[in-house]
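S.K.: Please work out how this folds:
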Amino acid sequence: MQYTSTYKSPLGNILLAADETGLIGLWFYGQKYFARNLDPEHEEKDLPVFETAGKWLDIYFCGHKPDFMPPVHLLGTPFQISVWKLLQRIPYAKTITYGELAKEIAREKGLAHMSAQAVGDAVGHNPISVIVPCHRVVGSGGSLTGYAGGLDKKKCLLSLEGVDMGKLILPSKGTAL
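M.R.: Prediction:
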């Protein structure tokens, strides 16, 4: 069974979803791929995992790095899960490029090359935004490209963490937004 709860963040309401194992989703209302892996048959319910995730988000949205992690249950293909686990290793207030992620995935899998586009697709389908920090991934040259929650939220999250926004570029219309 899957369960949901709503968290009220400074950037708008967030839908939290969990199963018996852990958090399976964290989506800003209206974002791309909203509630994509949520079963039609789910129940709104207070669960300890939602309380833990709420405490994590409270600390995070106050501009601090949480020193714990709510239990997560990543649901996706083996490739997606490997990318999402790599996202969890990106340090707070740091960014990495899609190309750097692709090189790391290739190295871990013993491959000569990995497509940055394939990695980007997996990053874009991350079902646990913020806690699994896909917002810390930027395009080559520091381009703020692609975030399912919207570039405005990506900018806010990075700013909240203290990332030097002067080194990042907002892409012009018509690029991968």
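S.K.: roughly how far is stretch 76-90 from the heart of the chain?
M.R.: How far stretch 76-90 lies from its chain's middle: 10 Å, per C-alpha atoms, centre = their mean, to the nearest Å.
S.K.: Do you have the helices of the chain handy? List them.
M.R.: Remark: helices assigned in the chain by DSSP state H are 48-61, 78-87, 98-109, 116-124, 151-161.
S.K.: May I see the buried residues of the shortest one?
M.R.: If you call a residue buried by 16 or more other C-beta atoms under 10 Å, then helix 116-124 has these buried ones: 116, 119, 120, 122, 123, 124. Yep, even glycine has a C-beta here, placed from its N, CA and C like the rest.
S.K.: can you pull the contacts of the spatially most central residue of the chain?
M.R.: Nearest to the geometric centre of the chain sits residue 129, at 2.9 Å (C-alpha atoms, centre = their mean). Taking C-beta atoms under 8 Å, 6 or more residues apart in numbering, we find residue 129 in contact with 14, 26, 27, 28, 31, 135, 148, 149.
S.K.: Generate JSON lines for these, with neighbour count as supplementary columns.
M.R.: Output for these, formatted as JSON lines (neighbours: other C-beta atoms under 10 Å):
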{"residue": "14", "neighbour count": "22"}
{"residue": "26", "neighbour count": "25"}
{"residue": "27", "neighbour count": "25"}
{"residue": "28", "neighbour count": "20"}
{"residue": "31", "neighbour count": "18"}
{"residue": "135", "neighbour count": "27"}
{"residue": "148", "neighbour count": "21"}
{"residue": "149", "neighbour count": "25"}
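S.K.: Which members of the residues you listed occur in strands, if any?
M.R.: 14, 26, 27, 28 (DSSP state E).
S.K.: Dump these into CSV; add pLDDT as well.
M.R.: Below are the ones in strands among the contacts of residue 129 laid out as CSV (pLDDT from 0 to 100):
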residue, pLDDT
14, 97
26, 97
27, 96
28, 96
